[in-house]
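Trainee: I would like to see how this sequence folds:
(chains A and B)
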Amino acid sequence: MFHQRIKKYWLGVLLLSLCSNKVYAQINVFACEPEWAALTRTVGGDAVKVYSATTAQQDPHHIQARPSLIAKVRRADLLVCTGAELEAGWLPLLLRKSGNGNIQPNRPGYFIAADHIALLEKPIVLDRSLGDIHAAGNPHFHLDPYLILQIAKALTVRLTKIDPVNSDLYQQNLLNFSRNWNLAITKWEQRAQPLRGKRIVVSHNSWVYLEQWLGFIKAATLEPKPGIPPSSTHLSKVLAQLKQNPAEMILYADYQNDKSAHWLSQKTGLVTISLPFSPSDGETLIQWFDKLMNRLLRVDHEL
Amino acid sequence: MRKALFMAAITALILSSNPALADSETQTIKQQLEALKKEYQQRITALEARLLKTEQSAKQAHTKAQKIEAKLLQSSTLGTGSSGKNSFNPAISLILDGRFASFDNDPGNYELPGFTLGGEAGLNEKGLSVGHSEFIMSANVDDKFYGQMTIAIVEHEDATEVELEEVFIQTLGFGSGLTLKAGRFLSEIGYLNQQHAHAWDFVDAPLIYRGLFGNQLIDDGLQVTWIAPIDIFLKLGTELLSGNRYPAAGRHDGVGAWTTFADIGGDIGIEHSWQLGLSHWQANDIAGRENGGHAHGGGAAETPSFDGDSKINAVDLVYKWAPNGNPKNQNFKFQFEYFDRKENGKVAMLNSGPPLEVTSYDGHQKGWYAQTTYQFKPQWQAGLRYEQLDSNNQGSDADVLAEAGLDNEGHTPKRYSGVLEWLPSEFSRVRLQFNRDESYKETDNQLFLQYTMSLGSHGTHPF
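Mentor: Here you go, the predicted model:
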């Protein structure tokens, strides 16, 4: 008798859990880069299930439209990507092959971050002899925390549109995020005060927004043209340039080839700093920016 | 300052008044002075208030101007759309291809025993030549369709030919994982067949593609694909084709040929990805498929012509590796395909006789290739390929079969290739390839130097 009751109880629990699964159907989100995956997780909370197409170790420009990505896009309710041609080589292909109507351009499920902010370095002349330039402007804007906030707001609006049932949750999460983020910005800006006005050498033109935010001055770029690997002639030019007008550090992203940065460091004695270009798996945006700051300020014990 | 002015005014007033004054007069003057003082005080406070007001409104105007400026900046940079009549033009890209080829044997004598050569089969021109120049235009038609056209401009025997390689429309986000394509397109049989020649890892098509499809299977028709709503990639598809293009032939009222295919694929961890495909092509009513290829020339030469049915089964496997899943600086790719074709019908030698030479035909041809490419430095890639064919063709008249090139002459066609590529950017490639070609009995050593450049809109990175 008692056993039967227990059985019934468990059956009930099972049924309930099955039902509740249906009621709280999560929004499937396909994020092109880890930063947007982290942001969507923060704003969406438990109402979203987020997949990141790339990791912090991958160059988002050189991804292939792999079968696994097509399968993910096929089931996505919302796509969150950078835009500005960063994913030009693979995202259009994924969209065309997916057979998924929800996430096609100009549908609510197609969220492109670049559409909601103003980009820097919009080229006046478009010519491939200038390297792999982006007609819409420099797409690495996720390194400006103010722009992140702007995008968070736009993303919340979009999530509310797709999933109105959870709009209160999204609003509350955004509110919390804005508060924490603003506090964090103040903290980061204070910490980075001593870095203001420092001259830096970068590997690729990926730090423009960070430079502007923290007041760095770019002294040189290791790539002769965007997307073209550093050549020895170009590097010796950079070396000569730095001898006349020295810089203080060399910055490159974790996923970038560090050979030329180290070569230059040996020749000039400059410190090389490898920075996490995107949050790693499971990291929040704040944790990632904290890590970025620690590396910039060379606070190794906090790593 | 203001006080000083006021005092000065009073002093001036006193000075200007009569020095000899009576007491009563002093009183009135005092009163007048008091009144004056009051009046000035009022005026000054009024002035001060006005000043404060203007200051405030100036401040407001400034912030407003700043806001407008910010908005203007945003609106001018928002979105990617630009104004003008050209902004809706299709994305255009041009593929420029030039090559130098050297052969030990005369490329005109090329043959593939057991296989007939048709379509684009045959060797490249020797010496210096421009290869396949391509002109690709594509755009979203509206929110429902995507369209693309690929035109190839090729030089064949001193004549410039324009080939309509691909022209199709495709649904955009039809829903439920379905995609429909209509027009002329590269069939999804096998793996390499969907890639344009300029995207291949070697100068030439694999021997089995040369032997079965005349390099590539392209036909007019309708394609439906469906992607399963599961975590692993599973695609099922079918194509209904006209069947009047090589390796089918003849005019058909309805569907002259069809294909069906399944692809399954995924990732293993972050660094490895794979795809396995099975496909089938069939044409039941081929009428007058002429062979000869370019190598054999035209004119009144005797040309084999096939009538009957044809079935092809294929398996393909692709595996890719990139450190951290980041293929930009270093990556590895392995690719394998196997094809098996069975044909039934008759083969006639056109322009022969009279009487016309005819034989019944029961053909079985198969072949495979395996290739790897390794990008070992950001701008450098090397590749190796090995391939092998086999055939067992029967017929009522062995002589006619032999004349048609369908007798394998007891030879197993093989080819070894090695390639080294320099990739200055995503848009350019220069390659050096060496082939040891054992297609027929006399081994041929072949050397190619080729450039392939892509101009215009950014290309895609398919798997």
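
Trainee: these two touch, right, B:L112 and B:P206?
Mentor: No: with contacts counted by Cβ atoms under 8 Å, B:L112 stays clear of B:P206, the gap being 11.8 Å. (Each C-beta comes from the backbone N, C-alpha and C, glycine too.)

Trainee: please enumerate the strands of the stretch 201-350 of chain B.
Mentor: Secondary structure of the stretch 201-350 of chain B, counting by DSSP state E, counting those that start in this stretch: strands at B:218-227, B:233-241, B:257-268, B:272-290, B:303-321, B:331-350.

Trainee: nearest to A:S167, of these?
Mentor: Closest approach to A:S167 among these (Cβ to Cβ): strand B:218-227, 31.0 Å.

Trainee: the closest one and chain A, are they touching?
Mentor: Yes: under the criterion of Cβ under 8 Å from any Cβ of the partner chain, strand B:218-227 makes contact with chain A via B:225-227.

Trainee: give me the buried subset of those residues.
Mentor: With neighbours counted by 16 or more other Cβ atoms under 10 Å in any protein chain shown, those contain buried members at B:225-227.

Trainee: now the residues you listed in a markdown table, with pLDDT and distance to B:R184?
Mentor: A markdown table is the format used below for those (pLDDT from 0 to 100; distance: Cβ to Cβ, whole Å):
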| residue | pLDDT | distance to B:R184 |
| --- | --- | --- |
| B:T225 | 97 | 17 |
| B:W226 | 97 | 22 |
| B:I227 | 96 | 23 |
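
Trainee: out of those, who's nearest chain A?
Mentor: Comparing those against chain A with Cβ to the nearest Cβ picks out B:I227 as the nearest, at 4.7 Å.

Trainee: for the closest one, name its beta-bridge partners.
Mentor: Per DSSP bridges, the residues bridged to B:I227 are B:K235.

Trainee: residues in contact with it?
Mentor: Applying Cβ atoms under 8 Å, 6 or more residues apart in numbering or on different chains to B:I227 gives the contacts A:70-71, A:74, A:97-99, B:177, B:179, B:233-235.

Trainee: where does chain B have low pLDDT?
Mentor: The model of chain B has pLDDT under 70 over residues B:1-22, B:61-85, B:292-300.

Trainee: got the buried residues for stretch B:248-259?
Mentor: By neighbour count on 16+ other Cβ under 10 Å, the buried set for stretch B:248-259 is B:248-249, B:252, B:255-259.

Trainee: so what's the residue count around the closest residue to B:H198 other than its chain neighbours?
Mentor: Closest residue to B:H198 apart from its sequence neighbours, by Cβ to Cβ, 6 or more residues apart in numbering or on different chains: B:I95 at 4.6 Å. Neighbours of B:I95 under the rule other Cβ atoms under 10 Å in any protein chain shown: 22.

Trainee: for the host helix or strand of B:I95, name the packing helices and strands.
Mentor: In this assignment (DSSP states H and E), B:I95 forms part of strand B:91-103. Judged by 3 or more Cβ pairs under 8 Å, 6 or more residues apart in numbering or on different chains; DSSP states H and E, the packing partners of strand B:91-103 are strand B:127-130, strand B:133-140, strand B:444-456.

Trainee: would TSV of the ones you listed with distance to chain A be doable?
Mentor: Below are those laid out as TSV (distance: least, Cβ to the nearest Cβ, whole Å):
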stretch	distance to chain A
strand B:127-130	21
strand B:133-140	7
strand B:444-456	8
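
Trainee: mean neighbour count added to the ones you listed, as a markdown table?
Mentor: Formatted as a markdown table, the helices and strands packed on strand B:91-103 follow (neighbours: other Cβ atoms under 10 Å in any protein chain shown):
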| stretch | mean neighbour count |
| --- | --- |
| strand B:127-130 | 12 |
| strand B:133-140 | 19 |
| strand B:444-456 | 17 |
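
Trainee: out of these, nearest to B:A49?
Mentor: Comparing the helices and strands packed on strand B:91-103 by their distance to B:A49 (Cβ to Cβ), the top pick is strand B:133-140, with 62.3 Å.
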